[in-house]
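Trainee: sequence unavailable; structure follows:
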């Protein structure tokens with residue numbers, strides 16, 4: 001019976017160590033994650049929900065952490081994925097574009113330049129030039145000429161669905177190339193361009 005008691009004590013001390021480690025990680029990363037997610041989501045309540053869900057997910061997956069090379073990257077990936085999921089959900093709401101503009105300022109060209117930065121626009125233009133020809137045409141017509149999917153389809157003599165697929169594929173390619181810090185800005189650029 002004594003050995004069973006020792007195992008129970010070890011189990012309890014292991015749980016306490018897990019909880020203490022989790023608490024330390026939470027304290028260390030919460031503010032950084034907040035600053036990261038607030039750049040993606042305009043609503044602080046949504047940010048708080050995403051952060052709570054991030055840490056709950058982290059806690060639930062704590063037994064798999066041996067395979068994780070970087071706790072920071074792991075947490076930021078969870079937070080980013082949850083934030084984009086929430087962003088997509090909110091984008092379907094009627095007043096989302098208005099809230100986004102209020103959060104980031106008026107969406108005129110000078111604000112857009114300061115918001116995204118000249119460097120990001122230059123990067124985006126360079127990467128668009130590297131896309132396959134048809135994909136590049138669709139992105140340029142959508143972003144530069146501000147044409148709707150239907151207008152692009154008519155101009156290129158392709159279906160609306162093909163335009164949507166080309167835009168989707170181009171976004172996937174561009175996202176893969178983006179540094180972790182630029183991903184929120186690309187999403188905002190594309191959503192503000194689309195909704196405003």
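Mentor: Cool, the structure landed. Just so we're clear, the structure is a prediction, and the values are computed from it rather than from any experiment. Residues are numbered from 1 along each chain as shown.
Trainee: CA atoms for contacts and neighbours, from now on please.
Mentor: Will do.
Trainee: and the strands in the chain?
Mentor: Along the chain, no stretch is classed among the strands by DSSP state E.
Trainee: domain assignment for it?
Mentor: 2-91, 96-195 (automatic domain parsing).
Trainee: comparing the ones you listed, which gets the lowest mean pLDDT score?
Mentor: The weakest mean pLDDT among the domains of the chain belongs to domain 96-195, with a mean of 72.
Trainee: so how far is residue 163 from residue 50?
Mentor: 32 Å (C-alpha to C-alpha, to the nearest Å).
Trainee: can you count the residues close to residue 168?
Mentor: Residue 168 has 14 neighbouring residues, counting by other C-alpha atoms under 10 Å.
Trainee: any idea how far it lies from residue 86?
Mentor: Residue 168 is 18 Å from residue 86, where distance means C-alpha to C-alpha.
Trainee: what segments of this protein are helices?
Mentor: When assigned using DSSP state H, the helices of the chain occupy the ranges 2-38, 44-60, 71-91, 96-104, 109-129, 133-143, 149-156, 160-177, 183-195.
Trainee: so which elements touch the shortest one?
Mentor: Applying 3 or more C-alpha pairs under 8 Å, 6 or more residues apart in numbering; DSSP states H and E, one finds that helix 149-156 contacts helix 133-143, helix 160-177.
Trainee: quick one: buried residues of it?
Mentor: Residues 149, 152-153 are the ones in helix 149-156 that count as buried (16 or more other C-alpha atoms under 10 Å).
Trainee: how about the third one?
Mentor: When neighbours are counted by 16+ other C-alpha under 10 Å, the buried residues of helix 71-91 are found to be 75-76, 78-80, 82-84, 86-87, 90.
Trainee: with that, I have no additional questions.
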